[in-house]
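Engineer: what's the 3D shape of this:
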Amino acid sequence: MTVRRRAATLAATATVLCAAAAPVAVAAPSPSPSPSAALPSGLYGTKDPTYDGVWRQSLAFLAQRVEGVTPATKSVDWLISQQCSNGAYAAYRPDVSQPCTAKTVLDTNATAAAVQAFVEVDGHRDTVNNSVRWLKSVQNEDGGWGYAPGAPSDANSTSLVIGALARQGQRLGDITTHGGKTPYAPLLKLSIPCGDKDGGAFAYQPDKAGKLAANADATAAAVLGTMGKALAVGNNPSAKEPTCHPGPGLTPEQAAQNGAHYLADALATSGHLDLPPMPGADDSTPQPDFGNTADAVVALSAAGHQDKAAKAVTWLKKNSGAWAEQSGPAAYAQLILAAHATGSDARDFGGVNLVDRLNASGPAPAAITTPVPSADTGYVATEKDQVHSGDDVIGGVWWYIGIGLVVGAGAGFLISGRRKNQQL
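Structural biologist: Got it, this is the predicted structure:
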């Protein structure tokens, strides 16, 4: 979940290089704050939130809601307070008493994640609608979104925004640029054709020569994006053989299946994906990428290939505990979303109660209701899980009742972030 992971990784990379140490086998967490820096009482996690405050808070809410947990009011209020008046979010604003200015680095990833979180928390229609207006206003002419407004479209950011718009109730086919491009258009351009090296995968962005390089993190994000799904997808127990559809003229669904085909192959041998090598590090011994593996599990399940994710789920249960403990709430959230997507028990995930660990990383929840598993969503939604009217959104919006009922949407996808996988 990418951009967030990338930010944390970049911060950690300097430390690794200065210490002349080899990279560890876990995703690097955000740097710890100085002793004098007091973190907001409503924030999840104890690490420096500069790069991922809004992101980790939003993922925490998503994971809690699929497990029947209602976050504390002060945690919700903190996330609301981070929103700029135009509806956008930065990665983190330490002083919300000061308004956002032209120097505020607005962040489509944080904004899209917050939208998805507030849809699940419910009761914050104005907050959601304000963010959706902003996201639509910064759509690139190719139909997609970059990490920051005006930045070139990338697979991760575009997919996150698609998930937010779909989960809020927007008709994605109606969200077009002046040239008629929909949000799916840039994702289809980033899909590597079957028959080519790494066929079926998605690139994060083209390189300077316009060539596409497979990126597993971007692929996991884009599978959800091309399916119109968000970060918290429901349990889909169907099992069909992944197929790579030849182009040209792929439909979004075919491109999603191509990406699933690539991910299934990538997980088949070891059950996990690997991190790209750190700058200056020996790349002869790849390090496992826990977050991206969890994201791939969600993507495969959403695409109808839950059986192909089983080996990765088993691997995560056995190996992800130390990573999640070190990395914090976003990591626990990713694992919960992977468990939820595959019908696994997040309260006994390799002997670890992920829900309790996530809850303990922030203020005590307002309520906890152990969900009853169901074949469609993994739990039975209650009234507070439902999506309500949003007809004050620009152009009008259809809001659909119940998780999984949004047309073309799911309940949500993974970044750790979702964004370019250069693990931060």
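
Engineer: quick one: the strands in the chain?
Structural biologist: Along the chain, the stretches classed as strands by DSSP state E are 69-70, 273-274, 288-289, 367-368.

Engineer: same for the third one, what does it pack against?
Structural biologist: Packing partners of strand 288-289 (3 or more CB pairs under 8 Å, 6 or more residues apart in numbering; DSSP states H and E): strand 273-274. For every residue, glycine as well, the C-beta is placed using N, CA and C.

Engineer: which stretches of the chain have low pLDDT?
Structural biologist: Scanning the chain for pLDDT under 70 picks out 1-37, 281-284, 371-424.

Engineer: if we can go back for a sec, so of the strands of the chain, which one's packed in deepest?
Structural biologist: strand 288-289 (a mean of 23; mean count of other CB atoms under 10 Å).

Engineer: Given it, what are its sheet partners and their directions?
Structural biologist: Applying DSSP bridges, strand 288-289 is found paired with strand 273-274 (antiparallel).

Engineer: show me where the chain has helices.
Structural biologist: In the chain, the helices defined using DSSP state H lie at 3-18, 53-66, 73-81, 108-121, 125-137, 155-168, 184-189, 216-226, 252-268, 290-302, 306-319, 321-327, 329-341, 354-360.

Engineer: Give me the contact list for the third one.
Structural biologist: Right, the one you point to is helix 73-81. 40-44, 54, 57-58, 60-61, 96, 114, 117-118, 121, 124, 127, 362-363, 366 (CB atoms under 8 Å, 6 or more residues apart in numbering).

Engineer: Filter those down to the buried ones and hand me the PyMOL line.
Structural biologist: Here is the PyMOL command that selects the buried residues among these (16 or more other CB atoms under 10 Å):
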select buried, resi 40+42+43+44+54+57+58+60+61+114+117+118+121+124+127+362+363
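
Engineer: on that earlier part again, closest to M278 out of the helices of the chain?
Structural biologist: Closest approach to M278 among the helices of the chain is made by helix 3-18 (5.9 Å; CB to CB).

Engineer: What separation do you get for R167 and A331?
Structural biologist: 22 Å (CB to CB, to the nearest Å).

Engineer: Apologies, that question was intended for L165.
Structural biologist: Plainly put, L165 is 26 Å away from A331 if you go by CB to CB.

Engineer: These two: who's more crowded?
Structural biologist: A331 (30 against 26; other CB atoms under 10 Å).

Engineer: wait, the more buried one sits on T293?
Structural biologist: No - using CB atoms under 8 Å, A331 is not in contact with T293; the gap is 11.5 Å.

Engineer: re earlier: most packed of the helices of the chain?
Structural biologist: Ranked by mean neighbour count, those are led by helix 216-226 with a mean of 34 (mean count of other CB under 10 Å).

Engineer: how far off helix 252-268 does that helix point, in degrees?
Structural biologist: 150 degrees (axes from the mean of the first three to the mean of the last three CA atoms, to 10 degrees).

Engineer: Endpoints of stretch 48-55, how far apart?
Structural biologist: 12 Å (CA to CA, to the nearest Å).

Engineer: before we move on, what about stretch 143-161?
Structural biologist: 11 Å.

Engineer: That stretch: how far from the chain's middle?
Structural biologist: 13 Å (CA atoms, centre = their mean, to the nearest Å).

Engineer: Nearest to D196, out of the helices of the chain?
Structural biologist: Of these, nearest to D196 by CB to CB is helix 252-268, at 11.0 Å.

Engineer: tell me how far that closest one is from the chain's mean position?
Structural biologist: Here the centre of helix 252-268 is set off from its chain's centre by 17 Å, with CA atoms, centre = their mean.

Engineer: Export only the CA atoms of that helix, formatted as PDB.
Structural biologist: This file holds the C-alpha atoms of helix 252-268, laid out as PDB (Å, rounded to 0.1, in the frame of the first residue of the first chain):
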ATOM      1  CA  PRO A 252     -11.000  -3.400 -17.000                       C
ATOM      2  CA  GLU A 253     -12.200  -6.700 -15.800                       C
ATOM      3  CA  GLN A 254      -9.900  -8.600 -18.200                       C
ATOM      4  CA  ALA A 255      -7.000  -6.400 -17.100                       C
ATOM      5  CA  ALA A 256      -7.800  -7.200 -13.400                       C
ATOM      6  CA  GLN A 257      -7.800 -10.900 -14.200                       C
ATOM      7  CA  ASN A 258      -4.500 -10.500 -16.000                       C
ATOM      8  CA  GLY A 259      -3.100  -8.900 -12.900                       C
ATOM      9  CA  ALA A 260      -4.400 -11.700 -10.700                       C
ATOM     10  CA  HIS A 261      -2.800 -14.200 -13.000                       C
ATOM     11  CA  TYR A 262       0.600 -12.500 -12.500                       C
ATOM     12  CA  LEU A 263       0.100 -12.400  -8.700                       C
ATOM     13  CA  ALA A 264      -0.900 -16.000  -8.500                       C
ATOM     14  CA  ASP A 265       2.300 -17.000 -10.300                       C
ATOM     15  CA  ALA A 266       4.400 -14.700  -8.200                       C
ATOM     16  CA  LEU A 267       3.100 -16.300  -5.000                       C
ATOM     17  CA  ALA A 268       3.000 -19.900  -6.100                       C
END
